[in-house]
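K.L.:
From the sequence below, what's the structure:
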Amino acid sequence: MKKKVSLKIWMISKIIPALSLVLFYWMGVQMKDHPTYAYLQYIILAGMLLILYIIQKHHDIVDEYAKEILNKTDAICFKLSYVVFGIVLLPCVLININSITTGYIIVITLCIIGILRSIIFCFLDSRWF
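P.N.:
Predicted coordinates for the structure are as follows:
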């Protein structure tokens, strides 16, 4: 019996790569102190790809209405990312923050934008129905 995954669950599952990116960066920074993190990164990557494959295989067919909402959500997040990265990276250029801190700022900002994308999509999808 094949169960279909709703479009909201599919969008929320897109948060998984954003969260794992933060975890990968943290493990990459700490790699010299803990060499076992390399193996953990491969295990987490395999698990993430398996989860995304299962969800991608079982998601509903996207209708025209959902495509329109997804395009609006992507446009909002694209504009939001320009503003946020401008605000975040300007002090990094002027103050000369080290590269590890800048990397954490960028990765966490990407994670927040990924989470906001799912929240905005769910909000717009529930608002228009």
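
K.L.:
List the contacts of the spatially most central residue of the chain.
P.N.:
Centrality entry for the chain: nearest residue to the mean C-alpha point is residue 18, 2.9 Å, by CA atoms, centre = their mean. Neighbouring residues of residue 18 by CB atoms under 8 Å, 6 or more residues apart in numbering: 110, 111, 113, 114, 115. All C-beta atoms are positioned from the backbone trio N, CA, C, and that covers glycine.

K.L.:
ChimeraX command to pick out the buried ones of those?
P.N.:
This is the ChimeraX syntax for the buried subset of these, where burial follows 16 or more other CB atoms under 10 Å:
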select :110,111,113,114
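
K.L.:
quick one: buried residues of the longest helix out of those in the chain?
P.N.:
As assigned by DSSP state H, the longest helix anywhere in the chain is helix 64-95. Using 16+ other CB under 10 Å as the test for burial, helix 64-95 gives 66, 69, 70, 73, 77, 81, 84.

K.L.:
show me what contacts the last one?
P.N.:
For residue 84, the contact set (CB under 8 Å, 6+ apart) comprises 109, 112, 113.

K.L.:
show me what contacts residue 104?
P.N.:
Contacts of residue 104 by CB under 8 Å, 6+ apart are 25, 29.

K.L.:
out of the contacts of residue 18, who's nearest residue 50?
P.N.:
Among the contacts of residue 18, residue 114 lies closest to residue 50 (CB to CB), at 19.2 Å.

K.L.:
quick one: contacts for that closest one?
P.N.:
14, 15, 17, 18.

K.L.:
What's the PyMOL syntax to select whichever of these are buried?
P.N.:
A single PyMOL command selects the buried members of those (16+ other CB under 10 Å):
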select buried, resi 15+17+18
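
K.L.:
can you tell me which of the contacts of residue 114 are in helices?
P.N.:
Per DSSP H, those map to helices at 15, 17, 18.

K.L.:
which one in these is the model shakiest on?
P.N.:
Within the set of the ones in helices among the contacts of residue 114, pLDDT is lowest for residue 17 (79).

K.L.:
circling back to that earlier point, which single one of the contacts of residue 84 is nearest to residue 37?
P.N.:
Distances from residue 37 to the contacts of residue 84, taken by CB to CB, are shortest for residue 109, at 22.6 Å.
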